[in-house]
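> build me a structure from this.
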Amino acid sequence: MSEPTKASSGTRNPRDHSHHSVDGRPLSHHSATSLDDHHARSHHSDTGGANGHTHSDLPFDGHIHTYIPDMDEDRIYMDYNATTPLEPQVIQVVTEALHEAWGNPSSTYTPGVKAKKIITQARENVARMVGGKADDIIFTSGGTEANNLVFHSALEAYRESCRTAEQRGERHRHENSSTSAWPLPHILVSNVEHDSVRLTAEHLLKDTTADVTSVAVSKVTGRVEVEDVLAAVRSSTCLISIMMANNETGVLMPIRELCQRIRFVNRQRQHRILLHTDAAQAIGKVRVDARDLGVDYLTVVGHKFYAPRMGALYVNGPGTTTPLYPMLFGGGQERNFRPGTENTPMIAGLGKAAELVNSNLTEYETHMLDTRDYLEKQLEAVFGRERIHFNSHFPDSETLPNTCNMSILGPGLQGRKVLASCRRLLASVGAACHSNRGDRPSHILLSCGIPEEVAANALRLSVGRGTSRDEVDLVVEDLKNAVERLEELN
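Have a look, this model is predicted:
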């Protein structure tokens, strides 16, 4: 593989958030690297989380945002990229389902029929939220299962394609090899993916089940560039899996442009390349339309948008237009793609949360963007521009409206130390569930070109639907006091 070459900086104002999309971007040239080059990197995930207390000045259709009463009211939660509390309406429908829809959805008596009706409505709500049809939605236990199901299906589809070709008497000569055997399936991911994608790919590579290439994001734009992905495509490539938005920087990836380009490439190929995006961080913050994006698969993660800890997978025509192969075998639930008696209460909660996104997304996005921008303005006002580095600001890249990844510059101000010194703020230094990392900088920030000494001081502040400006003021004051205490110790 060739070494990455430096990308040119864009000229667009990185803080221009007049709209949030994943349309095409200007291109840079960063080489793809084999995933086994990244085995030693630290692990990052966002599957865990803490509870928080927020207030709201936004009455969306009378919707009152009051969350998690068991937490100390003096603490302020700003870790919404890690997890979100349940909306009151979501709690209500989950509770009702537990009491009234306890029957098996496959049964014909009243509690079962009611459970089936709830699941059907939830499926329609989730489909509408991601721009698909009800039949495109497969309920799963969460994002990790959904992502693994995509990888499993892509590999099975490739093998089936090879078997079909052999039956037609076709042969394939491996690139750079004298053998006529079919090559291993090849998968492309970015080097800033969530663990449920990255570690799945690593496992397949170690198990010699697939070849995997990790495409480096641009150190200028913080996103994976379409030309770099295309340059890494092989004749055996069967899957490209790129997240829609990064969980640490909030950078939106050019999924729509990538899909358009791959669709053209597929016309000239023996084996179709399937396209997957994990939309965990995007849903509930920006518009997500799977059909407009052009993806074959899209992952939905409930606990990122005020729903229970379960998920769903959008598949564009499961088993017909797009291959889908079960990992589990049992009953006929989810059209045999994901057997097991349905978890009706959690599905009800996911459906209600999707309904709220469908009704209020514009208000949610506007409020989070205003609050996040106010947070950044206050941080600069208190610490000064020379002491604040925003790790989520990249030229010509769009970001999630709620994410502020920043570093307070200075010796002894590592992110973990600053958070430990805070008395109000509940946040994280990056992905939430790897607390054993110590002061090692996030590999995601380093991959995006953030200097090591800056990345070591990083804090990820992510606001929610109900985060108020008053809370922002309290958090900034808390950070100021925490830094002063640490500087006195130094």
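
> CA only for contacts and neighbour counts going forward, please
Noted.

> any idea which helix or strand in this protein has the lowest mean pLDDT?
strand 32-34 (a mean of 46; mean pLDDT, DSSP states H and E).

> quick one: G143 and T299 touch, right?
Yes. The pair G143 / T299 is scored as a contact, 6.2 Å apart, by C-alpha atoms under 8 Å.

> okay, those two: which has more neighbours?
Counted by other C-alpha atoms under 10 Å, G143 and T299 do not tie: T299 has more neighbours, with 30 against 26.

> what about that one, distance to L474?
Noted for T299: a distance of 35 Å to L474, by C-alpha to C-alpha, to the nearest Å.

> need the helices for this structure, in chain order.
88-100, 110-130, 143-167, 195-206, 226-231, 255-266, 290-293, 344-383, 415-421, 443-447, 452-455, 469-489 (DSSP state H).

> and for T95, the neighbour number?
16.

> which ones are touching the closest residue to it other than its chain neighbours?
Sequence neighbours aside, P345 is the residue nearest to T95 in space, at 7.2 Å (criterion: C-alpha to C-alpha, 6 or more residues apart in numbering). Contact analysis of P345 by C-alpha atoms under 8 Å, 6 or more residues apart in numbering lists V93, V94, T95, E96, A97, L98, A101.

> lowest pLDDT pick from those residues?
Ranked by pLDDT, the contacts of P345 bottom out at A101 (93).

> re earlier: can you check the pLDDT for the residue nearest to T95?
97.

> what of T164?
85.

> what distance do you get for the most far-flung residue of the chain relative to its centre to P185?
For the chain, the largest distance from the centre (C-alpha atoms, centre = their mean) belongs to G169, which lies 41.8 Å off. G169 sits 20 Å away from P185, going by C-alpha to C-alpha.

> what's the burial count for S190?
24.

> wait, it sits on E225?
No. With contact defined as C-alpha under 8 Å, S190 does not reach E225; the gap is 9.7 Å.

> hey, what's in contact with both of the two?
V217.

> point out where the stretch 101-250 of the chain drops to low pLDDT.
171-180 (pLDDT under 70).

> swap the cut-off to 80 and go again
Along the stretch 101-250 of the chain, the parts satisfying pLDDT under 80 run over 168-181.

> apart from its neighbours in sequence, what residue is nearest V229?
Nearest to V229 is V215, by C-alpha to C-alpha, 6+ apart, at 6.4 Å.

> separation between that neighbour and S107?
From V215 to S107 the distance is 48 Å (C-alpha to C-alpha).

> likewise for S421?
55 Å.

> between the two, who's got more neighbours?
S421 (18 against 13).

> T403 versus the nearest residue to the more buried one once chain neighbours are set aside, what's the distance?
Of all residues not flanking S421 in the chain, A482 sits nearest, at 5.1 Å (C-alpha to C-alpha, 6+ apart). From A482 across to T403, the span is 21 Å (C-alpha to C-alpha).

> and if you look at V463?
From V463 to T403 the distance is 7 Å (C-alpha to C-alpha).

> which residues are in contact with each of these two?
Common neighbours of V463 and T403 (C-alpha under 8 Å, 6+ apart) are R372.

> pretty sure the residue nearest to V229 is touching V224, no?
Yes. Counting by C-alpha under 8 Å, V224 is a contact partner of V215 at 7.1 Å.

> any shared contact partners between those two?
Shared contacts of V215 and V224, counting by C-alpha under 8 Å, 6+ apart, come down to S190.

> settle it for me: which of those two has more neighbours?
When neighbours are counted by other C-alpha under 10 Å, V215 and V224 differ, and V224 comes out ahead with 31 against 26.

> surely the more buried one touches L230?
No. Look at V224 against L230 with C-alpha under 8 Å: they stay out of range, at 10.9 Å.
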